[in-house]
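Undergrad: Sequence and predicted model, in that order:
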Amino acid sequence: MMACIIELLAGISGLLVMFDALAPWFLRRAFLAPRMVEKGTPARFNLPYQEISIDTEGGKRLFAWYISAPQITSAPLQAPAIVVIHGWGGNAEMMLPFAPVLHRAGYSLLFFDARNHGKSDADDFSSMPKFAEDLEHTIDWLEARPDVAPGQVAILGHSLGAAAVLLVASRRRVAVVVSIGAFAHPAVVMRRLMAAHHVPYSKSH
C-alpha cells in the first residue's frame with residue numbers, strides 16, 4: 001500500500017514539474033496577439049512611400065512604411081516627423097487614415113508593425129514594454145535621417161500603442177505625444193485578460 005502511495009505521489013510530482021515547465025509556453029500562446037497582415041499600402045491615399053525594415057531588440061526586424069514630407073520648394077527640406085504605432089492585434093495599415101491629413105500638414109511619417117504584428121518578425125511574446133522598445137528603435141531610425149528636423153520627432157499611438165508612447169515619453173525627449181485610447185493602468189488590463197482566459201489571479205496583501 002505504501003509503495004502505491006509513494007508511486008502516486010511521484011507521479012503527481014512529475015506532473016507538477018511538467019506543468020511548471022509548460023505553463024509559460026501555454027500563457028504565451030493564450031496571450032498571443034492575432035496577426036493581421038497588411039493588404040493595402042499608402043498608395044491607397046495617393047501618398048509616395050518607401051517600404052523599409054528597421055532593426056529592433058533581439059536581432060528582430062520591423063516592417064514599416066516611410067512617407068516623406070511634401071517638398072514645398074526644390075531645395076532639400078528638413079521636416080518634422082511622426083511615428084505612428086497601432087494597438088494590440090493591429091498593424092500599420094489600420095493607422096493609415098491618419099496619413100493624408102498629417103502629410104498635408106507638412107510631416108514626414110513612419111508607420112510600422114510591432115513585433116508579432118503585421119509583417120514584422122515574430123518574437124516569444126508581445127507586451128506594452130516591447131511595443132515601447134520597437135517604438136524607440138523607429139525613433140532612432142528617424143532621428144538619423146538627414147531629411148528629418150533635429151528634435152522634431154513626434155509619436156502617435158492607439159490603444160496598447162498609446163500606452164507605449166506614454167512610456168517612451170517618460171524616458172526620452174520627443175517633440176509631441178499623441179495618445180489615443182490608452183488604458184488607465186496596465187494591471188487593470190492584465191486582470192481582464194487573465195479573467196477572459198481563465199487564468200487565476202491572486203492579490204497579495
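TA: Cool, the structure landed. Only a predicted model underlies this, so the values are computations on that prediction, with no experimental measurement involved. Residues are numbered from 1 along each chain as shown.

Undergrad: Surely residue 95 is in a helix?
TA: Yes: judged by DSSP: H, G, I helix; E, B strand; the rest coil, residue 95 forms part of a helix.

Undergrad: Count the neighbours of it for me.
TA: Neighbourhood size, residue 95 [other C-beta atoms under 10 Å]: 21. The C-beta positions use only the backbone N, C-alpha and C, and glycine is treated the same way.

Undergrad: can you tell me how far the residue lying closest to it once chain neighbours are set aside sits from residue 200?
TA: Closest residue to residue 95 apart from its sequence neighbours, by C-beta to C-beta, 6 or more residues apart in numbering: residue 84 at 4.8 Å. Separation of residue 84 from residue 200 (C-beta to C-beta, to the nearest Å): 37 Å.

Undergrad: So if I had to pick from these two, which one is more boxed in?
TA: residue 84 (28 against 6).

Undergrad: Tell me which strands the stretch of helix or strand that one belongs to pairs with, and in which orientation.
TA: Taking DSSP states H and E as the definition, residue 84 sits inside strand 79-85. Here strand 79-85 has these sheet partners by DSSP bridges: strand 108-112 (parallel), strand 148-158 (parallel).

Undergrad: chain center to it, what's the gap?
TA: 15 Å (C-alpha atoms, centre = their mean, to the nearest Å).

Undergrad: Could you do stretch 58-71 as well?
TA: 14 Å.

Undergrad: Same question for stretch 105-116.
TA: 12 Å.

Undergrad: ok, residue 167 to residue 131 distance?
TA: 8 Å.

Undergrad: The two: who's more crowded?
TA: Applying other C-beta under 10 Å to residue 167 and residue 131 shows that residue 131 carries more neighbours, namely 28 against 18.

Undergrad: wait, doesn't the more buried one sit right on residue 166?
TA: No: using C-beta atoms under 8 Å, residue 131 is not in contact with residue 166, being 10.9 Å away.

Undergrad: Let me see the domain layout of the chain.
TA: 1-30, 42-196 (automatic domain parsing).

Undergrad: Save the strands paired with strand 79-85 as TSV, and put in mean pLDDT too.
TA: Listed next are those as TSV, based on pLDDT from 0 to 100:
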stretch	mean pLDDT
strand 108-112	98
strand 148-158	97
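
Undergrad: so which of those strands gets nearest residue 177?
TA: With C-beta to C-beta, the closest approach to residue 177 among the strands paired with strand 79-85 belongs to strand 148-158: 5.8 Å.

Undergrad: could I have that closest one exported to CSV, CA atoms only?
TA: The C-alpha coordinates for strand 148-158 follow below in CSV (Å, rounded to 0.1, in the frame of the first residue of the first chain):
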residue,chain,number,x,y,z
VAL,A,148,14.1,64.9,-40.5
ALA,A,149,14.5,68.1,-38.5
PRO,A,150,16.6,67.6,-35.3
GLY,A,151,14.5,67.4,-32.2
GLN,A,152,11.2,67.3,-34.2
VAL,A,153,10.1,63.7,-33.9
ALA,A,154,6.6,63.2,-32.5
ILE,A,155,4.9,59.9,-31.5
LEU,A,156,1.3,58.9,-32.0
GLY,A,157,-0.2,55.6,-30.7
HIS,A,158,-3.6,53.9,-30.4
